[in-house]
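Colleague: got a sequence here, can you model it:
(chains A and B)
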Amino acid sequence: MEQTPYEYDVLVVGAGGAGLRAAIEASAKGASCGVICKSLLGKAHTVMAEGGMAAAIGNVDERDDWKVHVTDTLRGGQYLSNPKMAEIHAKEAPARALELEAWGALFDRTKDGRILQRNFGGHRYPRLAHVGDRTGLEMIRTLQDHGIHRGIDFHMEYTVFRLLLDDGRVSGALAYDRERGRFRVYRAKAVVLATGGIGRAFKITSNSWEYTGDGHTLAYDAGADLIDMEFVQFHPTGMVWPPSVRGILVTEGVRGEGGILLNSDGERFLFDEIPALYKDQTADSAEEGWRYVVGDRDARRPPELLTRDHVARCIVNQIKAGKGSPHGGVYLDIAWIKEKISNSEDHIRKKLPSMYHQFKELAGLDITKERMEVGPTTHYVMGGVRVDAESQMSSVPGLYAAGECAAGLHGANRLGGNSLSDLLVFGQRAGEYAAAFAAEHGDVRLDEGAADAGIREALEPLERQDGEGPYQIQYALQDLMQEKVGIVRVESELEEAIEEIGRLSDRAKAVSAPGNREYNPGWHTALDLHPLLVVSEAVARAGLLRRESRGAQFRDDYPQKDEHFGKVIIRVAKGADGEMVVKETPVEPMSDELTRLVEEMG
Amino acid sequence: MAATQFRIWRQEGAEGEGAYRDYTTDVTEGMVVLDAVHQIQAESANDLAVRWNCKAGKCGSCSAEVNGNPRLMCMTRMSDLPTDRPVTVEPMRAFPVIRDLVCDVSWNYEVKKKIEPFEPRPPDAEDGTWRIAQEDVERVQEFRKCIECFLCQDVCHVLRDHHLHDEFVGPRFFVYNAALEMHPLDTRDRLASLKQDEGIGYCNITKCCTKVCPEHITITDNAIIPLKERVVSEFYDPLKKLFRVFSGGSRA
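Modeller: Down below sits the predicted model:
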């Protein structure tokens, strides 16, 4: 082995909210800590989060507390969440939000100077701490600026492509330097995966190039279980026009501030499609919906603030029924609030500044005056590495996962705002437990043979001269996933997709990306194909096994919920011969206290 | 759809000799410069290096010079550029090139580490929280909007032309200082380091940085000038100077 390995007690892969929070905690607990990230520091996907961070602080409505939050989360997840995780999340989110303030974050305020909270889909009370519509930027910058003074080493623009094991326990990672194409070997007593999601497996997505399922695949290849992979969240409102911006997110905050969804006939179609589970919590008139938006505590929320899975499907149905907008979406209208408030244009610019600029600059449209065109976009994966609720450790000793690449909190559907709090709550826990693991367990042995073999394999696309280019395979996969494993699924198409993924995997093994090793995007794309193909196959296979419609998964051939599938989650693991094994496994049991709470809150 | 000419800077490694190379690609409605660069990358230059991330003007990764103007490529619409000549795309010139359009901005990360971090006053309430007025939050939110694209650093002549990287931190970090100094909870004092280590005196308020900021932060007027004024009143106020002489204060 040519390189001297970098050595840490805790190695964190990913520098979004979860990774940074984990590193800060591990370091605070005395562990030596390194963070590897694919982009420059502060550019990770967390920066794009807009709406806010759900935490039952109860500043705006004192009826809110962790008990209401946990039941909202479980209901939103259609009771497939790990109940213990949902409970920990609801209990610890307020402390994590307040701690961010102690590190310099400045949230918007209530009149008496406390943290202001806003309404969001599926949350019973105003719960999201926010900064206009750039909460993610505030959060990542706060963590970044705090983290750089904690003695943490940051390795920017490195991609981890392999984990190393020592007798079943994680022992480190292999990475390549995106800038200069050099390899690095890391030895670590514990590794925290915080790599985010898988959105780049789909054609229309709000996710950046980084979201190629790296952490999911690193864990899977190392022998860890994945769960809930069938549940991919399609956010109801992405931009649809112009074509080059298709998929870019339009925050749910627009609806939180009173934005309404209309079809081409000008109908507010969501009023006609309120699911039974939410009937009692949803306004039955436009007037009541507006009262909710402006803070009337007796009003129920407008149907635009139903859960994302539901709203996305309703939009698809409108488009299918020929009631869509000219560019294949529906209308989102915030300008209408001028009927209700006098200074509506200033109000909108102040509450939704980045949405205002995004539409102004990318679509030449003024949202204070005109309706937006929006449609569903791949946004988030509920599925990920199966972890212990308390510690976030996977089934591989010493390997932890937090944030989007971990699973269990969100079940079949994630509520908006629960992601930023997820990052902090479980990032903190992963950092704490990883540091403790590193302290309690001895040194690891680095498997130099495996490291050398991994590096040789990674170099193959560069050395191969006459293979197919990587982009064609990536595009083919994105088209396939969009078309056959998207919002509406059916058995025959899922089966076709699995077969096609197999063929694409064979093609990917012979891919060629000649050129230099410095910042060579063709080579990077070639190396991204393996994780993209693994997570795509996992989504398709888990979606095929779940023969029902629930949360984010809609099966046209099984359009109803099924009692049996309400009791199981789907587990994906690598079989003895390298094949993907997909199995049902019981949902984690709910404590008596939580069961009682769920019954009480309805 | 219209075939459009591009002149893109290609350079192999920091030591390599760079040159413009010509490309043609079809531009369709609504496309931004980053889309065109990606299209060229996929069609005819697989190894063309470009740094990008969110493609929505939120992360500040795809900074470059488009027709000589420092811009985010993802927020520069093709329809806003003249069509009678090729579109020139080159890396930021105030930083060393790593390859093609990607430059080494690590200096900025080193600078930031040296600035005194945030330290809040003790909490206002027994539950460990603070009370802050919305207007006090809004005063610094402008500075906290910064996406660290470093276009202001690119265009600042103190860095770009005079290369005073060792003595001058650049507009980005004056904005950062301003965000900290005007943070309603912060207790630290950064005026001495602004004067001595960060070279705020070098800025002669040409406002080039303000013009290129994609977040429309009024860098010069709202961040740099108020900081300069604070530095002046702290260090050049004759009464304060006298006071320091007699009290033996450490600040010079």
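
Colleague: next, count neighbours for A:D466.
Modeller: A:D466 has 7 neighbours, counted by other Cβ atoms under 10 Å in any protein chain shown. Using the backbone N, CA and C atoms, a C-beta is placed for each residue, glycine as well.

Colleague: what helix or strand is it on?
Modeller: Applying DSSP states H and E as the criterion places A:D466 outside every helix and strand.

Colleague: now the residue lying closest to it once chain neighbours are set aside: how far from A:H530?
Modeller: Spatial nearest neighbour of A:D466, chain neighbours left out: A:S512 (6.4 Å); criterion: Cβ to Cβ, 6 or more residues apart in numbering or on different chains. If you measure A:S512 against A:H530 using Cβ to Cβ, to the nearest Å, the figure is 15 Å.

Colleague: what is the neighbour count of A:S395?
Modeller: Per other Cβ under 10 Å, the neighbour tally for A:S395 reads 15.

Colleague: related to what we said a few turns ago, and the residue nearest to A:D466, which of the three is it?
Modeller: Of the three states, A:S512 takes coil under DSSP: H, G, I helix; E, B strand; the rest coil.

Colleague: what do you get for A:I569?
Modeller: strand.

Colleague: report the longest helix in chain A, please.
Modeller: In chain A, with assignment by DSSP state H, the single longest helix is helix A:521-545.

Colleague: what does the helix or strand that that helix is followed by rub up against?
Modeller: Using DSSP H and E, the helix or strand that follows helix A:521-545 in sequence is strand A:554-555. Contacts to strand A:554-555, defined as Cβ atoms under 8 Å, 6 or more residues apart in numbering or on different chains, come from residues A:309, A:313, A:487-491, A:543, A:546-549.

Colleague: and with 10 Å instead?
Modeller: A:230, A:234, A:309-310, A:312-313, A:316, A:486-491, A:494, A:543-544, A:546-549, A:562 (Cβ atoms under 10 Å, 6 or more residues apart in numbering or on different chains).

Colleague: please pick the buried ones from the residues you listed.
Modeller: Neighbour counting with 16 or more other Cβ atoms under 10 Å in any protein chain shown marks A:230, A:234, A:309-310, A:312-313, A:316, A:486-490, A:494, A:543-544, A:546, A:548-549 as buried within those.

Colleague: what's the closest non-adjacent residue to A:E304?
Modeller: Take A:E304 and drop its neighbours on the chain: the residue closest to it by Cβ to Cβ, 6+ apart is A:R255, 4.2 Å away.

Colleague: quick check: the one you found is in a helix.
Modeller: Yes - counting by three-state DSSP, A:R255 is part of a helix.

Colleague: count the residues that sit near it.
Modeller: 29.

Colleague: for it, give its distance to chain B.
Modeller: Between A:R255 and chain B the distance is 19 Å, computed by Cβ to the nearest Cβ, to the nearest Å.

Colleague: ok, A:G467 next?
Modeller: According to Cβ to the nearest Cβ, A:G467 and chain B sit 12 Å apart.

Colleague: now do the contacts for that residue.
Modeller: Contacts of A:G467 (Cβ under 10 Å, 6+ apart): A:460-461, A:507-514, A:526.

Colleague: and for A:G566?
Modeller: Each residue near A:G566 by Cβ under 10 Å, 6+ apart is listed here: A:78-80, A:412, A:548, A:550, A:587.

Colleague: closest to chain B among those?
Modeller: Relative to chain B, the closest of the contacts of A:G566 is A:A412; by Cβ to the nearest Cβ it sits at 27.4 Å.

Colleague: residues near the closest one, how many?
Modeller: A:A412 has 28 nearby residues by other Cβ under 10 Å.

Colleague: outline the domain layout of chain B.
Modeller: B:2-103, B:106-247 (automatic domain parsing).

Colleague: list the contacts for the closest residue to chain B within chain A?
Modeller: Closest to chain B within chain A is A:P242: 2.0 Å, counting by Cβ to the nearest Cβ. Neighbouring residues of A:P242 by Cβ under 10 Å, 6+ apart: A:327, A:362-364, B:28-32, B:35, B:77, B:79.

Colleague: of these, keep whichever come out buried.
Modeller: A:362-363, B:30-32, B:35, B:77.

Colleague: could you export these as a markdown table, including pLDDT, distance to B:F173 and secondary structure?
Modeller: As requested, these are exported to a markdown table (pLDDT from 0 to 100; distance: Cβ to Cβ, whole Å; DSSP: H, G, I helix; E, B strand; the rest coil):
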| residue | pLDDT | distance to B:F173 | secondary structure |
| --- | --- | --- | --- |
| A:L362 | 89 | 29 | helix |
| A:A363 | 91 | 33 | helix |
| B:G30 | 88 | 35 | coil |
| B:M31 | 93 | 34 | coil |
| B:V32 | 94 | 28 | strand |
| B:D35 | 94 | 32 | helix |
| B:R77 | 93 | 30 | strand |
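
Colleague: fine by me, we can end here.
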